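K.L.:
Sequence and predicted structure below; questions after.
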Amino acid sequence: MPLNIPNALTWARIAMIPVFVGLFYLPESWMPIATQNLVATVIFVAAAVTDWFDGYLARALGQTSAFGAFLDPVADKLMVAAALILLVQLGRVDALIAVVIIGREITISALREWMARVGQSASVAVAYVGKLKTTAQMVAIPMLLFDASLYGLDLRLAGEVLIYVAAALTLWSMGYYLRRAMPLLRETEE
């Protein structure tokens, strides 16, 4: 495992997850819920920015590695899953939405791993619809974490609408990737 700046940033994102989750287990006498929401939002946004930044640095510094390519999406999925589970627990996201989004991530990760093993990873490379899905999630989740109005905009309502959009894009992107893999899946059945 090469230790470089991009990988260190990815490890930092993973290290943020217990802090992020732990915030919501603090007694309200230690940290009021509004402060918990704000700090959790800041941590989530920092993780999202770090995700973009570590990829940029890996390419700019020529520090890409197979380990980094593996760890980066794992860190992203862990943070999103932790956030969605917390939001379900807090009553801000329906469990079905969380199951759809987390289930898709597991399914497509497994599909990509299998496609890489059979030498067809380019068939399930990240598509535009997958990027739209990620963008919708990464905007909706902080809005739902913040759970308040900001400059007159009800962020919770906006986040709820956007998380449903993200779920629809999640299903669409899963269908897209499965359709791309279907010819190879049929081939291997024969």
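P.N.:
Noted; the coordinates are in hand.
K.L.:
Need the contact partners of stretch 167-184.
P.N.:
The set of residues external to stretch 167-184 that reach it, using CB atoms under 8 Å, 6 or more residues apart in numbering, is 97, 100-101, 104, 107-108, 111, 115, 118, 120, 123-124, 127, 129-130, 132-133, 136-137. C-beta coordinates here come from the backbone N, C-alpha and C atoms, glycine included.
K.L.:
Quick check: ChimeraX command selecting the buried ones in these.
P.N.:
Selection of buried members from the contacts of stretch 167-184 for ChimeraX, criterion 16 or more other CB atoms under 10 Å:
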select :97,100,101,104,108,111,115,120,123,124,129,130,133,136,137
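K.L.:
Let me know the helix or strand that residue 93 is in.
P.N.:
When elements are assigned from DSSP states H and E, residue 93 belongs to no helix and no strand.
K.L.:
ugh, wrong one, residue 17
P.N.:
Per DSSP H and E: helix 5-23 holds residue 17.
K.L.:
which residues sit against that helix?
P.N.:
Here helix 5-23 makes contact (CB under 8 Å, 6+ apart) with 1, 31, 36, 39-40, 43-44, 46-47, 50-51, 53-55, 57-58, 61, 63-65, 67-68, 71-72, 74-76, 78-79, 82-83, 86.
K.L.:
Quick one, which of the residues you listed are buried?
P.N.:
For the contacts of helix 5-23, a burial check counting by 16+ other CB under 10 Å picks out 36, 39-40, 43-44, 47, 50-51, 54-55, 57-58, 68, 71-72, 75-76, 78-79, 82-83, 86.
K.L.:
So, low pLDDT: which residues of the protein?
P.N.:
Along the chain, segments meeting pLDDT under 70 span 1-2, 119-126, 188-190.
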